[in-house]
Each structure stands twice: as C-alpha cells, then as structure tokens.
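Novice: Can you look at this prediction? I've put the sequence above it.
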Amino acid sequence: MGFWWRPLLALAGFSLTALFIGVVKSVNAGWIALALFLALYLLRQLRQESRLASWLEKTVIIPTPAPRDVGLWGDIFYRLEKLYNKQTRNQSELATALEQFQNAAGAVPDGIVILNDQDQIEWCNAASRAFLGIDSKRDKGQFIQYLLRQANFVEFLDARDYSRRMTCRSPLNRETQLTLQLVPFEGGKKLLVARDVTELERVDAMRRDFVANVSHELRTPLTVVGGFVETLADMEKPSDADLKRYFALMLGHSRRMQRLLDDLLTLSKLECADQPPGEEQIPVPSLVQELGREAEQLSHGRHRIDVEVASQAWLRGSLQEIHSAFSNLVSNAVRYTPEGGRITLRWAERDKGAAFSVTDTGEGIAAEHIPRLTERFYRVDRSRSRETGGTGLGLAIVKHILNRHGARLEIQSVLSKGSTFSTLFNSERLIHPQSDVQDEEQPRLRLVK
C-alpha cells in the first residue's frame, strides 16, 4: 500500500472535485473538469519519465545527481539514485577485487590459465606466456588443445582427472621441465596450473649422481681390501714380504676411504651450516708461508715451490675454513703438476679486495671443463685423479667455504701451460693491522687440519 496511496489519493481528489463541479454547474462540466485533471496528471507523469530517461542516459557516461521532486516521483528518484550509488560501489569493489586477483595471479611464478567448460582460454597470467607461449589478449577464446598440440596433453585434458599431474617440456624452451595440473573452478571452469620443476629435477638428478658416485668411489677400495683379506685367509703361511705388501695396499685404500669420508663430512657441515663463519683475524701472510712449507712436504722435492706475499692485509673469517680452502688448492696443484714443474703461491691486493692464488705449470684444463670443476666428484681425468689420491670433492669444499665468506673462485687455465686458481675476497673482509701488532700476532698462528 506504500506505493498506491498517493496516486489513489490524487485520483480521489480529481473525482471529488469533478463531482462538485458537476453538482454546482452541470454534469458535462464535471466530466470536462475530470478529463482536464487526468490530462494534466498524465502530462506530469510523462515529464517525470522524460527527466528519468534523461538522467539515466547522462549518468551512464558521467555520474550526476538524480532530479529532485516531491511526492511519488521524488521518492522514485531518491530510491533509484540510492540503488545506483550502491551498484556503483559494488562494481568498484568488484573491479578492485578483480584487479587484485589479476595482480596476485600475475605475480605468481606458476603459469595460470583459466579455461571455460569448453576448454577455451578466458584469461592467463604472464608466467603462462613464458612457460606455455599463451598470450591473454591474443589467445583469448582459443581452444587450448589447438595451442598445445602434444598428444599426451590432449589425453590429460580429456581425462578430467584433477588428482593427476602431467610432466612435460615447455614448448618454448626444451630445457624447462613443467608439471601441469587441472583445478576445478566454479561454473564448470578449470584452472590449468603450470609449474617449473627444472631446478627440482636438477637437484634430484644431482642427488642420484651423488649417491652413485659415492657408491662407486667406495666400491673400488672396499673391493681391493676385501680381495686382499680373502687372499690372506686362503694363504696357509704368507711370507713377511707378502704380508707387508698386502697390508701396505690395504692401508692405502683404507686411507683413501677415510679421506673421502672426511671430505663428505666437511662438505655436509658447510652445506648445513646455519651460522655465518667466525670473525677471527686471520694473518694471511703467515698462513701463506705455512702453506708453502706444506706444499714442500707434499712435493718431496719434485717441484719448485715459490711463495709471494705482496700484501700484509689480513682476513676476517674462520681460520679453519680458510686454511682448508687454501690447502685444497695447494694440494691439487702439487697432485696434478708433473715432476719438475713450478708452483707459485701468491697473496696480493686487487681492486676492491685481495686474492690468494695458486699457479702451476701442469697440463692445464680445457675450457669446457672449467665451469663444472666445482661440482662434486667431477673430474677431468678420472683414472689420473684416483692415481693421485684425489676424492673429487676438494673444489666443491673450496666453493662452499668461499661462498660463506662472500668470496668467489676464479679459474684460468691454458692447455699444456698450466692453471691459476684464485680466491677473490671483497674489501669488507680485509684487515690492515699495524706492523707492530702484526709482528706480535704472527707467531701465534695455529692451523687446524
């Protein structure tokens, strides 16, 4: 009744007025008055409708206030304006939410494609372009199976198995490994999620290779030791010479396994270390001199060992770790430099830092091997590495130690001429102590092997 009382009241007023005129004057005059009142009422209604239509047409382009009036039309204008403002706010909130969703989905590193119930593309983020080659503007409305024409993908799409994942190569980059998954969405729609698992596959492959390499490295000495034990068990009265020779070989292979296990434990500690390295003051000049003496002991006079200390700067870090890194480089140089060769240990400052370098006159390393030298168990010549007693983990240990100290390893090599391995430290790690303090501290150096 809230709507009808006003028009009914107006019609009642018109009728009573027309009846009064009909009684006072004549019946015809009453009918004429009623017709005139109704015509004026209709004209007013038409005018208000015209105002309403004009306002609706304008406010679609530019929001404008609704016309003001009294009575029924004033109430209609007020309610329409209130409804329009509410709808505008809802649209604004919806647009904001949609923009936030698109921004969030666009920032997700996984590729996301929204498909309708016919498998047509409705929207996709930037990552889907990088992974699948799908563009949101260009490919909107396209059937996705027309763009990804791999038979196994079409089968995966038709299966509608939302618990299943599919592994495939990116159509844009065959080196990129992807996993695809369908996620049900409202109204029969679906989300196609593409995730880059290249790094996970690489890590998994490294893990498999690591286990295989450790097994292989341990199998040889264990086989040798086991073989000698069986031989000794079958011999009734082995001679002292045989015993000495067999025990020497078993001792050598046992020490090889011990070195391998020690390096594995060291590498594991470095990889799992959560705490930063210590902040000890390392007297590098004294350390380099000590490493030179160690190199002479390892060489047994087979090489010429030179030590060059061109800087008195010290380092801030872990003495044990730095000594381990430098010692690995020195022992590698002694191990792989032919007899009569020259090995140079040098500590010097460079632009924005300092470097400890080990230069040898060995056989050198081909350029294609250099990027992989710090990989665990990677060897240029496996047979030669075993002959020299290497575990294949030395440079991996060096790399992790340098990373913990914000340093890096630089390798330069020329075939048949030799190699230079340099550890480069930033200036933030350098200490320049006074000469009297340095002279006082140098004798206190103790190296933990």
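Specialist: Nice, I can see it.
Novice: drop to CA atoms for contacts and neighbour counts, all remaining ones
Specialist: Will do.
Novice: buried set for whichever strand or helix holds Ser15?
Specialist: Assessed by DSSP states H and E, Ser15 sits inside helix 5-24. Neighbour counts using 16 or more other C-alpha atoms under 10 Å place Leu11, Phe14, Ser15, Thr17, Ala18, Leu19, Ile21, Gly22 of helix 5-24 among the buried residues.
Novice: just stretch 129-136 next, same as before
Specialist: Residues of stretch 129-136 classed as buried: Arg129, Ala130, Phe131, Leu132, Gly133, Ile134, Asp135, Ser136 (neighbour count, 16+ other C-alpha under 10 Å).
Novice: which residues touch the fifth one?
Specialist: Gly133 makes contact with Pro171, Leu172 under the criterion C-alpha atoms under 8 Å, 6 or more residues apart in numbering.
Novice: and it, what are its phi and psi?
Specialist: Backbone torsions of Gly133, given as degrees, to the nearest 10, read phi 70, psi 20.
Novice: Quick check: Pro67 touching Trp55?
Specialist: Yes. Assessed by C-alpha atoms under 8 Å, Pro67 is found in contact with Trp55 at 7.3 Å.
Novice: Which one of the buried residues of helix 5-24 is nearest to Asp209?
Specialist: Distance to Asp209, by C-alpha to C-alpha, is smallest for Leu11 among the buried residues of helix 5-24, at 95.6 Å.
Novice: what pLDDT does that closest one get?
Specialist: We have a pLDDT of 78 for Leu11.
Novice: Repeat that for the one 4 residues further on.
Specialist: pLDDT, the model's per-residue confidence, is 81 for Ser15.
Novice: before we move on, the earlier item: what's the following helix or strand after the helix holding Ser15?
Specialist: Next in sequence after helix 5-24, counting helices and strands by DSSP H and E, comes helix 27-61.
Novice: That following helix: how far from the chain's middle?
Specialist: Relative to the chain's own centre, helix 27-61 is displaced by 70 Å; criterion: C-alpha atoms, centre = their mean, to the nearest Å.
Novice: Which elements pack onto it?
Specialist: In terms of contacts (3 or more C-alpha pairs under 8 Å, 6 or more residues apart in numbering; DSSP states H and E), helix 27-61 is packed against helix 5-24.
Novice: For the buried residues of stretch 129-136, which two are the farthest from each other?
Specialist: Checking these with C-alpha to C-alpha, the most distant pair is Phe131 and Ser136, at 13.2 Å.
Novice: I'd say Tyr336 and Gly362 touch.
Specialist: Yes. Here Tyr336 reaches Gly362: they are 6.4 Å apart, a contact under C-alpha under 8 Å.
Novice: Tell me which of these two has more neighbours.
Specialist: Gly362 (24 against 19; other C-alpha atoms under 10 Å).
Novice: Run through the residues that contact that one.
Specialist: So Gly362 contacts Ala333, Tyr336, Thr337, Pro338, Gly341, Ser416, Lys417, Gly418, Ser419 (C-alpha under 8 Å, 6+ apart).
Novice: Neighbours of the fifth one, how many?
Specialist: With neighbours defined by other C-alpha under 10 Å, the count for Gly341 comes to 17.
Novice: One more: the first one?
Specialist: For Ala333, the neighbour count with other C-alpha under 10 Å is 27.
Novice: May I see the domains of the chain written out as residue ranges?
Specialist: As recorded under automatic domain parsing, the domains making up the chain are 5-101, 108-196, 204-272, 280-444.
Novice: wait, what's in contact with the nearest residue to Phe425 once chain neighbours are set aside?
Specialist: Leaving out its chain neighbours, the residue that sits closest to Phe425 by C-alpha to C-alpha, 6 or more residues apart in numbering is Ala407, at 4.7 Å. Ala407 sits next to Thr423, Leu424, Phe425, Asn426 when contact means C-alpha under 8 Å, 6+ apart.
Novice: from those residues, which ones fall inside strands?
Specialist: Those of the contacts of Ala407 mapping onto strands are Thr423, Leu424, Phe425, Asn426, per DSSP state E.
Novice: From Asp204, how far off is the closest residue to the second one other than its chain neighbours?
Specialist: Leaving out its chain neighbours, the residue that sits closest to Leu424 by C-alpha to C-alpha, 6+ apart is Ala355, at 4.6 Å. Remark: distance between Ala355 and Asp204 (C-alpha to C-alpha, to the nearest Å) = 35 Å.
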